[in-house]
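1. Structure for this input, please:
(2 chains)
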Amino acid sequence: MKLLNEHPSNTASLDLPCSTSALTIVPMRLPKIDRTTLLLVIVALFLAGVAWVRGGNALALKGLEIGARTLLSVTPLLVAAFLVAGLTQVLISKQMVERWLSASSGLRGILLACVAGALIPGGPYVYYPIAGSLLSSGAGLGVLIAFITAKNLWSISRLPYEFALLGPTLTITRFCFTFVIPPLLGLAAELLFGRYIENIRAAVQ
Amino acid sequence: MTESTLILFALAGIGLIIAWRRGDGSARRSTEAGWSTFKRTLPLLIVAFIIVGYVNALEPQAFVRTWIGPDSGLRGILIGSIAGILLPGGPYVVFPLIATLYSSGAGMGPTLSMITSWAALALLSVSFELPFLGWRFTLIRFGLGLIVPVLVGAGGMLLSG
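-> Predicted structure coming up:
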């Protein structure tokens, strides 16, 4: 219930029975800042401090100026990258990936898991819940390791950002070097530790 | 970088045509998804690029070359790998920072190690992994994965000569 806002006029304009708004205690909402942002702000402030100590206001301003100029120069690339990432999000659905992966095992399962990991868009809050549901529906260790490692190393929704911000040389070299890793890691995990999958399943459920 | 821009816009164009032909509002939803990601990450982007600006202004070339330069050898690769594990944030935060280090004189090997270890082993994503897959799973994945950034870095070092 977002009833009591900080501005009194907001409450006055609400067309609700007075008793509801008077009895509901709404905690003060601070702007939501996650830990990553906070950590980065601290790093930025620290660096600004170092710049100021070393070169006074001139260097402190120079840092901001370089930052702004760099951000502006990559803006067209970022716009395209966000667009491509948005497209992969919509064109490839979670259901599609889950349907692919259910009931696949062995080497075939590991390879399918790699492709699924590469295709699935979104951050850790998307693919870990999916991995969790695969685990509870009976997926093997190799399949799960391959899925997550492929998401991490093959992810096609991350490639546009990598391409835009790190440039083609680093991106293509990195991609080629890590190309064999997801299936290999999945296979190695299955062979070495596959027998622990029931313990893992039991512990999570 | 203009070629990269063209390639990405071409990809976006192809994707939009595919989405358009579906005729179910996919194209509109795609641009909305992109726009909402952009809005969500804008504060992070600004902070990340302020950091990039200061790292550049402080002229870290000598420092970067010493620790993760082209001649830093296995030590540089290990430092790159560990730094990658610890780097916080998504691609739009981490990639500009690594790009700055690279242009300040980091070697190909340590740079590739850093990208790879951030991608495969980022500590921050483990906090999502634990509740869904448990510590045994994380231990196996992390243990097997530790060697990967080191190998990739060694490959990069050989490639760049």
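
2. going forward, measure contacts and count neighbours with C-alpha atoms only.
-> Will do.

3. remind me, longest helix of the chain?
-> I'll assume chain A. Criterion DSSP state H: the longest helix present in chain A is helix A:35-91.

4. Chain B, not that one
-> helix B:26-57.

5. buried sites along that helix?
-> Buried residues in helix B:26-57, counted by 16 or more other CA atoms under 10 Å in any protein chain shown: B:26-35, B:38, B:44-57.

6. Do any residues in stretch A:62-75 lie close to chain B?
-> Yes. Counting by CA under 8 Å from any CA of the partner chain, chain B has neighbours in stretch A:62-75: A:62, A:63, A:64, A:65, A:66, A:67, A:68, A:70, A:71.

7. now that stretch: mean pLDDT?
-> Stretch A:62-75 carries an average pLDDT of 92.

8. Neighbours of the residue in chain A that chain B sits nearest to, how many?
-> In chain A, no residue comes nearer to chain B than residue A:67, which is 3.7 Å away by CA to the nearest CA. The local packing of residue A:67 (other CA atoms under 10 Å in any protein chain shown) involves 24 other residues.

9. my read: it touches residue B:45, true?
-> No. Contact criterion CA atoms under 8 Å: residue A:67 and residue B:45 do not qualify, at 10.3 Å.

10. which stretches of chain B form helices?
-> B:2-22, B:26-57, B:61-68, B:73-86, B:91-103, B:108-121, B:123-145, B:147-160.

11. can you list those helices in JSON lines and add distance to chain A?
-> Formatted as JSON lines, the helices of chain B follow (distance: least, CA to the nearest CA, whole Å):
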{"stretch": "helix B:2-22", "distance to chain A": "5"}
{"stretch": "helix B:26-57", "distance to chain A": "4"}
{"stretch": "helix B:61-68", "distance to chain A": "15"}
{"stretch": "helix B:73-86", "distance to chain A": "12"}
{"stretch": "helix B:91-103", "distance to chain A": "5"}
{"stretch": "helix B:108-121", "distance to chain A": "5"}
{"stretch": "helix B:123-145", "distance to chain A": "5"}
{"stretch": "helix B:147-160", "distance to chain A": "6"}
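
12. ranking the ones you listed by burial, who's on top?
-> Of the helices of chain B, the one with the most neighbours on average (mean count of other CA atoms under 10 Å in any protein chain shown) is helix B:108-121, at a mean of 29.

13. so where's chain A uncertain?
-> By pLDDT under 70, the weakly predicted segments of chain A are A:1-33, A:99-100, A:102-105.

14. Ramachandran angles for the most centrally placed residue in chain A?
-> Taking CA atoms, centre = their mean, the centroid of chain A lies closest to residue A:123, which sits 2.4 Å from it. Per-residue torsions, residue A:123: phi -90, psi -170 (degrees, to the nearest 10).

15. Give me the local confidence score for the nearest residue to residue A:71 once chain neighbours are set aside.
-> In space, and not counting its chain neighbours, residue A:71 is closest to residue B:49: 6.1 Å by CA to CA, 6 or more residues apart in numbering or on different chains. If you check residue B:49, the pLDDT there is 92.

16. Look up how far residue B:100 lies from residue B:49.
-> Remark: distance between residue B:49 and residue B:100 (CA to CA, to the nearest Å) = 10 Å.

17. Residue A:131 now?
-> Counting by CA to CA - residue A:131 and residue B:100 are separated by 34 Å.

18. ok, now residue A:158?
-> Relative to residue B:100, residue A:158 is positioned 19 Å away (criterion: CA to CA).

19. Then residue B:45?
-> Residue B:45 is 14 Å from residue B:100, by CA to CA.

20. before we move on, what about residue A:39?
-> Using CA to CA, residue A:39 is found at 19 Å from residue B:100.

21. Understood, closing this out.
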